[in-house]
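**Student:** Quick one: sequence and predicted model below, then my questions.
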Amino acid sequence: MEQVNGLINGKIIMEDSIEENKVLIFKDKIIDIIDKEEINKYKNINLIDVNGKYISPGFIDIHIHGAGGSDTMDRSIEAIETIGKTIAKTGTTSFLPTTMTMDKGSIYKALDTIRESMNSNMQGAKVLGAHLEGPFINKKYKGAQNPKHVLKPDYNFVKDYLDVIKVITMAPEVDKEFQFIKKIKDYENIVLSIGHSNATYEEVMESVNKGITHAAHLFNAMRGMHHREPGVVGAVLKSSIKCELIVDKVHVHPAIFQLIVDIKGINNIVLITDSMRAGGMKEGIYELGGQKVIVNDNSARLEDGTLAGSILTLNTAIKNMLENTNLTLYEVVQLATLNPAKAIGIDNKKGSIKIGKDADITVFDEDFNVHLTIAEGKIVYEKSPRPPLN
């Protein structure tokens, strides 16, 4: 009989409950979830005792630039693999390497590298595709993007990469008559996201009708809400689109977390890191899109003080959200697992612990320290390697 693996003595986080006294059986896919007493039905099993820790679906980061000293715009397989290995240590099992507004050649090289990494047997978290952030943005809300390389939305710019791009973050008001949005919405595998935008409330609502379904890092790098002009933020809150949140308590005040839950509901919130290359690294001077970034006090900023991504990790994001809302643990976990999977249309394969889905699993303790990360059935991180029980 072919060997299977089992996680035992853990609390399994399901979509709507936390199950105890169960064993999670898997190979590359989740095979079964059984009572402990049924373990003898599997004669050839490699058991791993998680000693009372939580067994969670693997975290999915659909907006991350870098970590571990590497960045997507380094344009190398080694850089992507470093990011994947680094974020696996904090429970992420799959991700979308995210580009920056740079010159066309650099963006194309980054997309070529991401495509190659999707089809390679890299170590660490798995690459699901690319998040194209820019160059179709509004210079007024460029954030840490380089305004020199900002372009008008152009289908020809992306047409050769429609197989690898999963999310396009753009400013709809710079898209003349929403021509780009209308064209891209026909590709069901690509999510159109509003970000780095100075659109009016009316422009956003019209763009949602035309095909925008997502909002990048809500509140950040977009026209804010005023009672006489609700702006991008007001439109996102009023509409049914999904929104990303960077819950590092720097980009968004923790008092806002519960407010967003109350307004948007748990099914429309996606936790992201927007991490840059300093994620998982020490404080110091780093680089983002050719610009100097200073990392200290739990934040990453350009020399003029502009926030330049974050150094957040998804396990910390889940902890911050749990501590600042009335959500249960399994509900908060959904924001970093099932919701991002649904956002990019892969929830049939990933995002929750369910028989038949990929064995993407994260084991963490009460303090959200990650002890074991499994991507498609393979251990990609183990905090304290030890021989498994047999």
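**Tutor:** Everything's here; your move.
**Student:** Closest to the mean position in the protein, which residue would that be?
**Tutor:** The centre of the chain sits closest to D61, judged by C-alpha atoms, centre = their mean, with a distance of 1.7 Å.
**Student:** what lines up beside whatever helix or strand I12 lives in in the sheet?
**Tutor:** Here I12, judged by DSSP states H and E, is contained in strand 4-13. Next to strand 4-13 in the sheet, as set by DSSP bridges, lie strand 18-26 (antiparallel), strand 45-49 (parallel), strand 54-57 (parallel).
**Student:** Most tightly packed of those strands?
**Tutor:** When the strands paired with strand 4-13 are scored by mean count of other C-beta atoms under 10 Å, the highest mean neighbour count falls to strand 54-57 (a mean of 26). C-betas here are computed from N, CA, C, even on glycine.
**Student:** Give me the distance from that one to the chain's centre.
**Tutor:** Distance of strand 54-57 from the chain centroid (C-alpha atoms, centre = their mean, to the nearest Å) equals 17 Å.
**Student:** In PDB, list the C-alpha atoms belonging to that strand.
**Tutor:** Provided in PDB are the C-alpha atoms of strand 54-57 (Å, rounded to 0.1, in the frame of the first residue of the first chain):
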ATOM      1  CA  TYR A  54      -3.500  24.600  15.000                       C
ATOM      2  CA  ILE A  55      -3.600  22.900  11.600                       C
ATOM      3  CA  SER A  56      -4.600  25.600   9.200                       C
ATOM      4  CA  PRO A  57      -5.000  25.900   5.400                       C
END
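**Student:** Contacts for that strand, please.
**Tutor:** 7, 10-13, 18, 24, 91, 329, 333, 337-338, 350-353, 360-365 (C-beta atoms under 8 Å, 6 or more residues apart in numbering).
**Student:** mind redoing it with 7 Å?
**Tutor:** Contacts to strand 54-57, defined as C-beta atoms under 7 Å, 6 or more residues apart in numbering, come from residues 7, 10-13, 24, 333, 337-338, 351-353, 360-364.
**Student:** Show me which positions of stretch 188-206 end up buried.
**Tutor:** Judged by neighbour count using 16 or more other C-beta atoms under 10 Å, the buried positions of stretch 188-206 are 190-201, 203-206.
**Student:** cool, and stretch 226-243?
**Tutor:** P230, G231, V232, V233, G234, A235, V236, L237, S239, I241, K242, C243.
**Student:** taking those one by one, which sit in strands?
**Tutor:** The strands, defined by DSSP state E, take in K242, C243 from the buried residues of stretch 226-243.
**Student:** Switch the buried residues of stretch 226-243 over to JSON lines; also include distance to A215 and pLDDT.
**Tutor:** Shown next, in JSON lines, are the buried residues of stretch 226-243 (distance: C-beta to C-beta, whole Å; pLDDT from 0 to 100):
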{"residue": "P230", "distance to A215": "13", "pLDDT": "98"}
{"residue": "G231", "distance to A215": "12", "pLDDT": "98"}
{"residue": "V232", "distance to A215": "8", "pLDDT": "98"}
{"residue": "V233", "distance to A215": "9", "pLDDT": "98"}
{"residue": "G234", "distance to A215": "12", "pLDDT": "98"}
{"residue": "A235", "distance to A215": "9", "pLDDT": "98"}
{"residue": "V236", "distance to A215": "5", "pLDDT": "98"}
{"residue": "L237", "distance to A215": "9", "pLDDT": "98"}
{"residue": "S239", "distance to A215": "9", "pLDDT": "97"}
{"residue": "I241", "distance to A215": "6", "pLDDT": "97"}
{"residue": "K242", "distance to A215": "7", "pLDDT": "98"}
{"residue": "C243", "distance to A215": "4", "pLDDT": "98"}
